[in-house]
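Participant: Prediction below, plus the sequence it came from.
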Amino acid sequence: MLHRNLVEDHTATGGDDVVREVQGAHDLGFHPDKGTDALLVEDGLQRFLPAFFDQFVGIDESPAQKTGQNPADGAFATAWHADQDEVAAWVHAGIIQQDHKIWGKDMNESNHRRDKILIVDSSPDAIRSLAGALPSRFTKLIATSGAKAFDLLAAAEDLPSLILLETLMPQMDGYEICSLLKADDRYREIPVIFISSKNEIREKIEGLQRGAVDFITKPFDPGEVMSRVDVHLKIFNLQQELTRRQHDLEDLVEAKAKEVTEMQLATIFALVRLTDRRDDKIGGHLERTQRICASLARKLSESPRFQNQIDEAFMDNLFKAAPLHDIGKVGIPDHIYLKPGRLTPEEFATMQQHTLVGAQTLAKVLEKFPDNQLIHTGVEIARYHHERWDGQGYPEGLAGEAIPLSARIMAVADVFDALRMLRPYKKPMPHKDSVVVIREGRGSHFDPDVVDAFLAVESDLEKLYPAAGWHA
């Protein structure tokens, strides 16, 4: 069992002094006279790993096969000498982190941002060769199987910048691993270089078709490995930088567009409020219909029928766009808009135009910002909130679900508030009577589902009117 004692840091006098203080080192095959550069101290738990591995996933080769090794190779073999439960703890989730000093050298002292290279190979000798070909400026991640590679990737805070992947491995070969990587959005952009003892054209073509960027044939020259890795890292890092800059530009454009849109909306809302203020007896209509729409949408979202249509974004856009429903009334003359009696057919035809005028006004804003869902919702509400479920409404005579959901919700909110409030042509209607009118319009004037939602929350809506200072 490995001892969990802190190791005194004697890095100033070399590896022998570091090893000297480790209880149980002799049992693990480490002797000060032989030396080692693989002592790792982390969180009070002594661990022995080869110095050139920054992270290590367990290797399944027997230490009996490790003969005639140098001290670093001897350190590499000690994973098998250690207590198996301890090793299992090391490789939980396939990862062992190294962030401490080994032989007086701080492995993290070079750059703040070090490129990570993931080496996936079932052969310890191949792993040593590849890791040895890569300079210390890289952080190396080691996996001895496809399953361990994916465990390592899933647990990593920062993904590797490149993967060196052996094609011939048991259980899951490199081609299958590469296909799985490229099918996963998290790993798709990581460049993969295949390592293979085969030098056939069809093998290389298959690798490239699976998504690899290059192919290195064994036996390889370390210089070739380094050159190819450098080239593909430069390409990868340039692509990453380009993506970051593109996202920064998109964020800037979106922020500016939002700023302009909000300024335009502020102007539009100011015009709408002027319309609302033309009749001092209906003050607060915009705020109340806004809150009624929010209550109805929230209730509808609880129904399985609407879960795919009504999300938080829909409800937010509906709430913000609701005050735009009557923006077209800015152009209705006072003698019609404020007329105390019934409108003549000609006057009613003029009043009906407010749906088209409002929609056309907002459509001009939408032309400049076609992706603005708030304005899109505003156009729907302004144009269609006087349509009826039975097709007898205006301006287009749409029926049923051909009417946008936002407008079907506003239709109930607008009529209910009109019933409850004093208007030039009518007295306010009590809450109970207003509810009856909405209920009787179910399936004819109004969407049955919206009416059902209204009936479920009508007692809460009643509180809006006393709170607003209006009593029927």
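Facilitator: Happy to help now that I have it. Numbers count the residues shown, from 1 in each chain.

Participant: drop to CA atoms for contacts and neighbour counts, all remaining ones
Facilitator: OK.

Participant: contacting residues around the closest residue to Pro404 other than its chain neighbours?
Facilitator: Nearest residue to Pro404 in three dimensions, chain neighbours excluded: Glu380, at 6.6 Å (C-alpha to C-alpha, 6 or more residues apart in numbering). For Glu380, the contact set (C-alpha atoms under 8 Å, 6 or more residues apart in numbering) comprises 359, 404, 406-407.

Participant: If you count neighbours, what's buried in the helix or strand hosting Glu380?
Facilitator: Using DSSP states H and E, Glu380 falls within helix 373-384. Across helix 373-384, burial judged by 16 or more other C-alpha atoms under 10 Å covers 373-384.

Participant: and the two most separated of the residues you listed?
Facilitator: Gln373 and Tyr384 (16.3 Å; C-alpha to C-alpha).

Participant: Would you agree Val451 is in contact with Arg442?
Facilitator: Yes. Between Val451 and Arg442 a contact is recorded at 6.0 Å, counting by C-alpha atoms under 8 Å.

Participant: neighbour count winner among those two?
Facilitator: In this view Val451 and Arg442 are compared by other C-alpha atoms under 10 Å, and Val451 has more residues nearby, 25 against 18.

Participant: got a list of what that one touches?
Facilitator: 412, 438-439, 442.

Participant: try 10 Å this time
Facilitator: By C-alpha atoms under 10 Å, 6 or more residues apart in numbering, Val451 lies in contact with 296, 300, 408-409, 412, 435, 438-443, 445, 457-458.

Participant: residue ranges with poor pLDDT in the stretch 51-200 of the chain?
Facilitator: Residue ranges of the stretch 51-200 of the chain with pLDDT under 70: 51-113.

Participant: Helices along that one, start to end?
Facilitator: 71-77, 84-90, 124-133, 146-155, 174-182 (DSSP state H, counting those that start in this stretch).

Participant: Who are the packing partners of the fourth one?
Facilitator: The elements that helix 146-155 packs onto, with contact taken as 3 or more C-alpha pairs under 10 Å, 6 or more residues apart in numbering; DSSP states H and E, are strand 116-120, strand 139-143, strand 162-166, helix 174-182.

Participant: for it, the distance to its chain's centre please.
Facilitator: Centroid separation for helix 146-155 versus its chain: 21 Å, with C-alpha atoms, centre = their mean, to the nearest Å.

Participant: List the buried residues in it.
Facilitator: Buried-residue list, helix 146-155, by 16+ other C-alpha under 10 Å: 146, 148-153.

Participant: Please parse this structure into its domains.
Facilitator: Annotated domains of the chain cover 1-52+59-102, 110-259, 279-467 [automatic domain parsing].

Participant: How far does the last one sit from its chain's centre?
Facilitator: Going back to what we said before, that points to domain 279-467. Using C-alpha atoms, centre = their mean, the offset of domain 279-467 from its chain centre is 34 Å.

Participant: returning to that earlier point: what subset of the contacts of Val451 is buried?
Facilitator: Of the contacts of Val451, these count as buried by 16+ other C-alpha under 10 Å: 296, 300, 408-409, 412, 435, 438-439, 441-443, 445, 458.

Participant: Now flag whichever of the residues you listed is closest to Phe194.
Facilitator: Ranked by distance to Phe194 (C-alpha to C-alpha), the buried ones among the contacts of Val451 are led by Leu300 at 53.4 Å.

Participant: Surely that closest one is in contact with Asp447?
Facilitator: No. Counting by C-alpha atoms under 10 Å, Leu300 sits too far from Asp447 to count as a contact (11.6 Å).

Participant: Quickly list what's touching both of those two.
Facilitator: Ile409.

Participant: Tell me where the stretch 151-300 of the chain has strands.
Facilitator: Counting by DSSP state E, counting those that start in this stretch, the stretch 151-300 of the chain has strands at residues 162-166, 192-196, 214-217.

Participant: With distance to Gly328 added, can I get the ones you listed in TSV?
Facilitator: Formatted as TSV, the strands of the stretch 151-300 of the chain follow (distance: least, C-alpha to C-alpha, whole Å):
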stretch	distance to Gly328
strand 162-166	58
strand 192-196	59
strand 214-217	62
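
Participant: The ones you listed: which one's closest to Arg273?
Facilitator: Per C-alpha to C-alpha, nearest to Arg273 of the strands of the stretch 151-300 of the chain: strand 162-166, 58.5 Å.

Participant: That closest one versus helix 124-133: what angle between them?
Facilitator: For strand 162-166 and helix 124-133, the angle between their directions (axes from the mean of the first three to the mean of the last three C-alpha atoms, to 10 degrees) works out to 150 degrees.

Participant: I am finished for the moment; much appreciated.
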